[in-house]
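A.B. asks: Quick one: sequence and predicted model below, then my questions.
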Amino acid sequence: MESISKVLAMSFGGYSLERILSAVITLLVCLLAVRLIMRAVEKLIGRIKQPNERLSRITVNFIKALLYLLTVIITAGSLGLNTSSITAIASVLTLGLTLATQDIMSNVAGGLVILSTHPFSIGDVIESDGTVGTVRDISLNHTRIETADGQIILLPNRSLSGSKIINYTTLGRRRIVLTIGASYDAPTEAVKSACLDAVSSTGGILDEPSPDVFLTAYGDSAIEYTVRCWASCTDYWDARNHLNEALRESFAKHGVEIPYNHLNVHILDRAVLGGQTGMVHQQIIHLRAGVRHPLRLEAGRVTGGGVQ
């Protein structure tokens, strides 16, 4: 033991053999860690269907350079060198580079999180912050989704990885929520029966969870009812559109009126000029859904500004 202690106490260039061996072991461990980390990063990037080669290369090189810099600092510290100046310079350079590429690096970090945690895959129907669509591509910088009306939306990975995500494909079903107004004269049970008949006649609606109809609000001219049911992700839009049509037909079948806003406009065709007697024609126009429908024409005699 004494001989080993003497050997370890031997000095080479001002550094003991024990410290040199400790630095070498530290260096080897750090290099192994760098290799494993880089292999994991490259594996994550390899999951991208159509990667941005330039961005991927920059990301890999940046992470590799940062890891090697940390390796140098850790190894130098184990050797007993004063690394405060090196650490300060490295911190300033890293801070400056991070601030200059803050958005890009945040998106890249979010992309790596998404690729490693698998909250969704290409082809899944997801919802995030009110945006619903099918995932078409996952890159380091953003995730591309396609909405039901064909719009392509690019969601930054930094916001996507930190937001609430609903994966309807994984869930296996998607809820349909429709609101419809009924006349105050219509009994509640009749309206609910009409809604449930419309649901049962619509293809693609799931039996479980069972559909529900609720009275949800009292409007100025109608009572608002909400229909809730479920459909598979593939049948969602067809089922929703067909249910809209079925509700109108079912309301007509059950004699439930769907109120609509209307406006009566009174138009004077000829006015009284200079106290002379004239004819005033009054036309009542019924405005419905933006279409003018004349209902009737009334006439009266005007004498001295009054109508007779």
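C.D. replies: Nice, thanks for sending it over.

A.B. asks: Next, work out how far apart residue 32 and residue 67 are.
C.D. replies: Distance of residue 32 to residue 67, given as C-beta to C-beta, to the nearest Å: 11 Å. From N, CA and C alone the C-beta is placed, and that goes for glycine too.

A.B. asks: These two - which one has more neighbours?
C.D. replies: residue 67 (17 against 10; other C-beta atoms under 10 Å).

A.B. asks: which SS class is the more buried one?
C.D. replies: The three-state label given to residue 67 by DSSP: H, G, I helix; E, B strand; the rest coil is helix.

A.B. asks: ok, now residue 21?
C.D. replies: helix.

A.B. asks: all helices for the stretch 1-150 of the chain, in order.
C.D. replies: Shown for the stretch 1-150 of the chain, the helices assigned by DSSP state H, counting those that start in this stretch span residues 2-9, 17-46, 53-78, 84-100, 102-117.

A.B. asks: Going by mean pLDDT, which of the ones you listed comes out lowest?
C.D. replies: Looking at the helices of the stretch 1-150 of the chain, the lowest mean pLDDT belongs to helix 2-9 (a mean of 53).

A.B. asks: Number of residues surrounding residue 222?
C.D. replies: 19.

A.B. asks: Tell me the spacing between it and residue 229.
C.D. replies: 21 Å.

A.B. asks: try residue 109
C.D. replies: Distance from residue 109 to residue 229, by C-beta to C-beta: 40 Å.

A.B. asks: the more surrounded of those two?
C.D. replies: residue 229 (27 against 15).

A.B. asks: Cross-check the contact I'm expecting between the more buried one and residue 205.
C.D. replies: Yes: the pair residue 229 and residue 205 passes the contact test of C-beta atoms under 8 Å, sitting 5.2 Å apart.

A.B. asks: shared neighbours, the two?
C.D. replies: Overlap of the contact sets of residue 229 and residue 205 (by C-beta atoms under 8 Å, 6 or more residues apart in numbering) consists of 176, 199, 211, 243.

A.B. asks: and the second one, that one's in a helix?
C.D. replies: Yes: according to three-state DSSP, the state of residue 199 is that of a helix.

A.B. asks: ok, and the closest non-adjacent residue to it?
C.D. replies: residue 211 (4.6 Å; C-beta to C-beta, 6 or more residues apart in numbering).

A.B. asks: For that neighbour, the count of nearby residues, please.
C.D. replies: 20.
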